[in-house]
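**Student:** what's the 3D shape of this:
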Amino acid sequence: MPTRISLLSLLLFFSAFAMSQSAPSSYDFTSPTLVAELPDELAEISGLSVAYDRPDEFLAVQDESGKVYRLNAAGRVLWSIDFWKDGDYEGIEVVDKDIWVVKSTGTLYHIIRPGQPDQRVEKYNTALTGDNDVEGLAYDRANNRLLLACKQDADDDGNAKDGRYIFAFDLATKTLADDPVYGIQRTAVNDYLTGATWSANHEKLTAFFSAEEKYDLAPSALAIQPGTGNLYLTSSVGKILMVLSPAGDILELHRLKKSYFAQPEGLAFAPDGTLYISTEAKGKAKARIFKLAPVAR
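**Tutor:** Predicted coordinates for the structure are as follows:
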């Protein structure tokens, strides 16, 4: 007697199949596409976000000036707006039509109606300090919060020293959680590398993480991948790109090519999953933006 397959079962099967085929899983980090070389005023671009109304345009900050820049697809500055005095600004994120910027001290700036005559800025001081050295900022839409990635672990904060931490700022209450929501421990990195398949990339990563007594992972940018909710994080030190699951498990670890990414300081996703990485100018290389299209496994 033939097995009966219900309509619901068929729908669930094809839905799961479609998701597995369409959801981006990874990127070819060895062959990025150059989007633009940036003007000298953005030589120290430190944060990148895709514009809320144009997926081929960008918003950026650089780490000396209290300005937000809007760039077209070729990297030309369309406009810039002042939002605060000069300072060490490290991350930028679009939330609906507003803009959020984070300073290395953990201070957040909420720019409302940016560029309009009635633009206003609300400033939020958090418990983080310059000792944390905040460099990454991401909008976690699913949990209505901003994620702040720290380059260092502050002394006497109760967190393990062999870890790098990500804190959450609740957008409803405008408060920072006392404890980090993610911790990237050195033991977790070593465990991942121990279980990973050998490759030249794997060998370089193992050498980097085992060469120094000090834990050298230093998050410089953070973004959340649409669809999966995975966290993408760069460390300019070591030219590392790490992928974490929404639960905080390490899924991927890559060594970025220095010839492309001299100093990777910005990450942003377009709605279709295209990943953009910005890198500061260094030596003879100008600041640049690269893109990577998602590839299914």
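
**Student:** could you pull out the helices in this protein for me?
**Tutor:** Secondary structure of the chain (DSSP state H): helices at 7-22, 186-195, 200-211.

**Student:** mean pLDDT lowest where, among these?
**Tutor:** Mean pLDDT is lowest for helix 7-22 among those, at a mean of 35.

**Student:** so what's the closest residue to residue 98 other than its chain neighbours up against?
**Tutor:** Of all residues not flanking residue 98 in the chain, residue 112 sits nearest, at 5.5 Å (Cβ to Cβ, 6 or more residues apart in numbering). The way it works is simple: take the backbone N, C-alpha and C, and place the C-beta from them, glycine included. The contact partners of residue 112, taken as Cβ atoms under 8 Å, 6 or more residues apart in numbering, are 98, 119, 120, 121, 122.

**Student:** where does the stretch 1-150 of the chain have low pLDDT?
**Tutor:** Counting by pLDDT under 70, the ranges of the stretch 1-150 of the chain that qualify are 1-25.

**Student:** now do residue 241 against residue 182, distance only.
**Tutor:** According to Cβ to Cβ, to the nearest Å, residue 241 stands 16 Å off from residue 182.

**Student:** quick one: which of the two has more around it?
**Tutor:** Per other Cβ atoms under 10 Å, whichever of residue 241 and residue 182 has more neighbours is residue 241, with 22 against 19.

**Student:** pretty sure the more buried one sits against residue 256.
**Tutor:** Yes - under the criterion of Cβ atoms under 8 Å, residue 241 makes contact with residue 256 at 5.6 Å.

**Student:** list the residues that contact both of the two?
**Tutor:** Counting by Cβ under 8 Å, 6+ apart, the residues touching both residue 241 and residue 256 are 29, 234, 264.

**Student:** ok, so of those residues, who is nearest residue 126?
**Tutor:** For the shared contacts of residue 241 and residue 256, the minimum distance to residue 126 (Cβ to Cβ) is 22.1 Å, reached by residue 234.
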